[in-house]
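> compute the structure for the input listed below.
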Amino acid sequence: MARTSRYLRTKSGRRYKILLILSLIAAVLAVIGAAIAVDVARRIPDGVLRAYFIDVGQGDASVILWNGGCVVIDAGTEASAERLSIYLRKLGVSKIDCAVFTHPHSDHIGGGDNILADFVVKSVVMPDCPYEGESYSELLYYIEKEGCSIYMATPGDEYSFGDVIMTVLGPCTEYGDENDMSAVVKVTYGDIDFMYTGDAESDAEYDIINYWGVDILDVEVLKVGHHGSYTSTTEEFLAATTPEFAIISCGRQNEYGHPHSKTLARLEKAGASVYRTDEDGTIIIETDGVDVWRCVKGFLGRLHRADNKK
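I've put the predicted structure just below:
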């Protein structure tokens with residue numbers, strides 16, 4: 001019996017050692033895999049820009065990355081705040097050249113305090129739009145706490161980040177509605193233009209058209225206003241912007257019915273290819289400043305060439 005007992009203990013000990021070794025190997029592989037994923041995410045080739053339209057549910061959050069630079073436009077909801085910060089870390093982000101908070105509603109700035117606390121943010125652009133709300137108060141607190149340079153969104157203001165230029169298009173005047181007070185910006189890289197519209201609605205769109213004229217507003221990629229609400233993305237605005245890609249950020253089966261069928265019909269009539277975070281997940285647009293590629297559903301999914309340039 002004693003010999004049998006020692007045999008069982010020896011056998012059990014060997015099994016434990018084997019399991020321990022296998023666990024250590026798995027842990028090491030996991031760390032290596034994570035490091036490789038981050039390295040791949042960081043390794044954006046020279047001369048390439050990637051625009052991420054992140055799935056944050058019923059909200060807005062966009063990230064623009066290029067070799068050596070990062071701009072964040074809106075920061076999703078409070079519920080998605082930690083997920084957004086984790087996503088940015090996976091992309092290799094540690095510093096943000098500029099964070100644009102388009103307007104003070106919580107579905108656009110809910111994760112703003114996390115962004116300011118978790119990353120080095122050099123500057124903030126936002127509209128002069130006083131608002132009473134917990135998320136907005138937290139955002140202002142962290143802007144002051146972190147000592148960020150803050151600029152009010154004024155039409156014509158231009159921010160240069162090397163080869164990337166961001167131009168403020170709106171708001172063109174003061175409005176009684178926070179949605180129309182949205183900071184509307186155009187990001188230019190080479191021959192390719194992206195427009196981010198926040199929740200700007202029809203009044204703001206018409207004013208932007210009248211202020212700028214159609215030549216300045218022509219873009220390849222449009223982040224559709226107000227999550228695809230029928231009160232935004234008018235036929236006139238689409239005629240001025242002529243987007244080839246239209247990105248709608250909205251939550252699955254959201255209570256507002258976004259995107260609205262009227263908006264989708266207008267986009268179809270305008271000939272834009274439509275991608276939605278509620279159906280496609282996070283959407284990635286990549287460009288070398290001449291051609292555009294797109295990627296949907298995934299962190300580092302396959303990029304598909306888009307025939308926007310011949």
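> all contacts plus neighbour counts: C-alpha atoms, from now on.
Fine.
> so what's Leu65 up against?
Contacts for Leu65 were tallied using Cα atoms under 8 Å, 6 or more residues apart in numbering; they are Leu49, Arg50, Ala51, Val71.
> out of those, which is nearest to Ile165?
Val71 (10.7 Å; Cα to Cα).
> ok, the closest one touching Lys95?
No - applying Cα atoms under 8 Å, one finds Val71 not in contact with Lys95, separated by 9.3 Å.
> of these two, which one has the most company?
Val71 (24 against 15; other Cα atoms under 10 Å).
> ok so the more buried one is a helix residue?
No - read with DSSP: H, G, I helix; E, B strand; the rest coil, Val71 is strand and lies in no helix.
> partners of Ser273 in the sheet?
Phe245 (DSSP bridges).
> in three-state terms, label Cys250 for me.
Of the three states, Cys250 takes coil under three-state DSSP.
> is it correct that it is in contact with Gln58?
Yes - if you go by Cα under 8 Å, Cys250 and Gln58 touch, sitting 4.5 Å apart.
> more neighbours: these two, which one.
Higher neighbour count among Cys250 and Gln58: Cys250, with 26 against 22, using other Cα under 10 Å.
> list the contacts for the most centrally placed residue in the chain?
What sits nearest the mean C-alpha location of the chain, by Cα atoms, centre = their mean, is Ser62, with 1.2 Å. When contacts are counted by Cα under 8 Å, 6+ apart, Ser62 touches Ala51, Tyr52, Phe53, Ile54, Val72, Ile73, Asp74, Ala75.
> narrow these to those in helices?
The helices, defined by DSSP state H, take in nothing from those.
> who wins on neighbours among these?
Going by other Cα under 10 Å, Ala75 tops the contacts of Ser62 with 31 neighbours.
> any idea how far that residue is from Leu88?
11 Å (Cα to Cα, to the nearest Å).
> may I ask which helix or strand encompasses Ser86?
To be clear, residue 86 is Ile; Ser isn't right here. For Ile86, the host element (DSSP states H and E) is helix 81-90.
> I'd like to know which elements that helix is packed against.
helix 2-42, helix 112-118 (3 or more Cα pairs under 8 Å, 6 or more residues apart in numbering; DSSP states H and E).
> which of the ones you listed has the lowest mean pLDDT?
When those are compared on mean pLDDT, helix 2-42 scores lowest, with a mean of 48.
> could you tell me how many residues sit around Val164?
For Val164, using other Cα under 10 Å, the count is 19.
> and the closest residue to it other than its chain neighbours, how far is that from Pro45?
Leaving aside its sequence neighbours, Val164 sits nearest to Tyr189 (Cα to Cα, 6 or more residues apart in numbering; 5.2 Å). With distances taken as Cα to Cα, Tyr189 is found 14 Å from Pro45.
> of the two, who's got more company?
Shown here are Tyr189 and Pro45; by other Cα under 10 Å, Tyr189 has more neighbours (20 against 10).
> was I right to think that one contacts Ile165?
Yes - applying Cα under 8 Å, one finds Tyr189 in contact with Ile165, separated by 6.8 Å.
> and the lowest mean pLDDT element among the helices and strands of this structure?
Using mean pLDDT, DSSP states H and E, helix 2-42 stands out as the lowest-scoring helix or strand of the chain, at a mean of 48.
> tell me how far the host helix or strand of Leu264 lies from the chain's centre.
Assigned by DSSP H and E, Leu264 falls within helix 261-270. Its chain's C-alpha centre and that of helix 261-270 lie 23 Å apart, by Cα atoms, centre = their mean, to the nearest Å.
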